[in-house]
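Engineer: Fold the stuff below for me.
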Amino acid sequence: MPDVRSVYEKTIFVDTLRRSHGWTREKSEQFFDQKATRFEIQEPVDFALEEAQRLSSLFSNLKVVPLLYNVDNDRMYLLKKWLEEYEFESGSALEDANLLIERKPERASLSIE
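Structural biologist: Residues are numbered from 1 along each chain as shown. Predicted structure coming up:
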């Protein structure tokens, strides 16, 4: 039995293709079923770290910072594992910290957990 979240995601994806791009339900469901497993992210942290590394090596003068957004609590996370792999001159507090960026409508704040 498929989990509720994946059924919900498929429904949104299919409806978007139908509404925004004029696809038929059958065509959009087939497309989702064929492509979803290929592009599904199993481990978000590992994916973000690997993608940041890939993009950093592709664009040598660009600093790519992996961030994860949690839709359940509306927060964005900077990965501690990434911080440990790179030297920062921002102070010793960053060495052991999990950084949390909390999105707020009026401003973005950065706090250390």
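
Engineer: Tell me how many other residues surround the closest residue to Trp23 other than its chain neighbours.
Structural biologist: Among residues not flanking Trp23 along the chain, Leu17 sits closest, at 4.2 Å (Cβ to Cβ, 6 or more residues apart in numbering). All C-beta atoms are positioned from the backbone trio N, CA, C, and that covers glycine. If you count neighbours by other Cβ atoms under 10 Å, Leu17 ends up with 18.

Engineer: need the contact list for Leu17.
Structural biologist: Neighbouring residues of Leu17 by Cβ atoms under 8 Å, 6 or more residues apart in numbering: 23, 27-28, 31.

Engineer: switch to 10 Å and redo it
Structural biologist: For Leu17, the contact set (Cβ atoms under 10 Å, 6 or more residues apart in numbering) comprises 23-25, 27-29, 31-32.

Engineer: List only buried entries from those.
Structural biologist: The neighbour-count test (16 or more other Cβ atoms under 10 Å) marks 23, 28-29, 32 as buried among those.
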